[in-house]
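K.L.:
Need the 3D shape of this:
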Amino acid sequence: MAKLQPIERVRAPEADALSSMVLIPGGTFLMGSDKHYPEEAPVHRVSVGEFWIDATPVTNAQFRRFVEETGYITFAEIAPKAEDYPGALPHMLRAGSLVFRPPPGAVDLREWARWWEFRFGASWRHPHGRGSWIKGLDDHPAVHIAYRDAEAYARWAGKQLPTEAEWEFAARGGLEGAEFAWGDELNPEGRHMANTWQGSFPQENLKLDGFERTSPVKTFPPNGYGVYDMIGNVWEWTTDWYAPRHPADAPKACCIPENPRGPREDASYDPCQPEIRIPRKVLKGGSHLCAPNYCRRYRPAARHPEPIDTSTSHVGFRCVFRKEPHP
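P.N.:
Predicted coordinates for the structure are as follows:
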């Protein structure tokens, strides 16, 4: 895989770091869910300290400023090396990223390759591939962001990426055990609360919420903490290595884990592909492609594994700031 480019922290003043962030008070909460997908279980108690979180996902305008000031090149813009991907077809070793492409009709939902296409030239600048641009999309989330890209931006901004526990605590907005970031109904009184998919995924997008792909940040209401787009629009990176289940509660109440960091890196590899040793991080929040008939991950408890070298047209990120450095 391409190596992370060194980025100097060019902005670190606290006032600047907090200017577009929301203070999350911290506390103890029930993390996970026992009602949906197995990787969300079991529900367990976790505590997090006080931290600040970006009010929105990092936008194209914000990411452009980072690139202009540092000259950073994202993973999607770097051609893969053959030695990093044994067995890869030579003609596929070109810069690009995965782009959602709706099929013409109904398909087997187990065959994700029917609606994902690796497009040469796709990147944060060209979200749908060559010939597409982000002109007019300054306030949309930056996409085609691999984990190290998000990490580099956070370091440049004097911030960090959130842990899974921090992200989920902030997404819940103070609602203990609620299904969604706004309550227990997906569309209360018929109102769309996030950019998700309406219709039969992946071939029919009714766009009842007004959007086919990403939407401008702050289009939908904030949660109880005043944070926008924690659900839908784009998946967001966290720092935790992925595990297929949460740990159960400790037998003693005195042992509630404080801002846990997930398993070891070597435990995050995909067991279904033992020949591929690429570690995976936890994504949170779902995206504009999450639909009731396919991916009901438009909930705070939802989580998904993503290889750190992978970028797509529906993955972005946001940052946090901790006054006390997290180990």
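K.L.:
and the spatially closest residue to Val227 that is not a sequence neighbour, helix, strand or coil?
P.N.:
In space, and not counting its chain neighbours, Val227 is closest to Val22: 5.2 Å by Cβ to Cβ, 6 or more residues apart in numbering. In short, each C-beta sits where N, CA and C put it, glycine included. Classification of Val22 by DSSP: H, G, I helix; E, B strand; the rest coil places it in strand.
K.L.:
how far away is Ile134 from Ala302?
P.N.:
According to Cβ to Cβ, to the nearest Å, Ile134 stands 27 Å off from Ala302.
K.L.:
Show me the helices in the stretch 51-200 of the chain, by range?
P.N.:
Remark: helices assigned in the stretch 51-200 of the chain by DSSP state H, counting those that start in this stretch are 60-70, 147-156, 164-172.
K.L.:
Select, out of those, the one closest to Val46.
P.N.:
helix 164-172 (4.9 Å; Cβ to Cβ).
K.L.:
and the helix or strand that the closest one is followed by, what does it pack onto?
P.N.:
Going down the chain from helix 164-172, the next helix or strand is strand 235-241, by DSSP states H and E. Applying 3 or more Cβ pairs under 8 Å, 6 or more residues apart in numbering; DSSP states H and E, one finds that strand 235-241 contacts helix 164-172, strand 280-284, strand 303-307, strand 315-316.
K.L.:
residues near Arg264, how many?
P.N.:
By the criterion of other Cβ atoms under 10 Å, Arg264 has 10 neighbours.
K.L.:
How about Ala146?
P.N.:
Number of residues near Ala146 (other Cβ under 10 Å) recorded here: 27.
K.L.:
Distance check, it against Ile308.
P.N.:
Ala146 is 7 Å from Ile308, where distance means Cβ to Cβ.
K.L.:
How about Gly262?
P.N.:
Taking Cβ to Cβ, one finds Gly262 at 13 Å from Ile308.
K.L.:
again, but for Trp156
P.N.:
To Ile308, Trp156 is 18 Å away according to Cβ to Cβ.
K.L.:
got it, and Arg94?
P.N.:
For Arg94 relative to Ile308 (Cβ to Cβ), the value is 20 Å.
K.L.:
If you count surrounding residues, which of these two has more?
P.N.:
Ile308 (19 against 11).
K.L.:
Help me confirm that that one comes into contact with Tyr147.
P.N.:
Yes - counting by Cβ atoms under 8 Å, Tyr147 is a contact partner of Ile308 at 4.0 Å.
K.L.:
Can you pull the residues that touch both of those two?
P.N.:
Here Ile308 and Tyr147 share the contacting residues Lys281, scored by Cβ atoms under 8 Å, 6 or more residues apart in numbering.
K.L.:
contacting residues for Tyr225?
P.N.:
Applying Cβ under 8 Å, 6+ apart, we find Tyr225 in contact with Val22, Ile24, Ala170, Gly173, Gly174.
K.L.:
Ends of stretch 306-318, what's the gap?
P.N.:
Stretch 306-318 has its terminal residues 16 Å apart, counting by Cα to Cα, to the nearest Å.
K.L.:
oh, I was asking about stretch 180-200
P.N.:
For stretch 180-200, the separation between the terminal residues is 21 Å (Cα to Cα).
K.L.:
can you tell me which residues contact Arg296?
P.N.:
His36, Tyr37, Cys290, Ala302 are the contacts of Arg296 under Cβ under 8 Å, 6+ apart.
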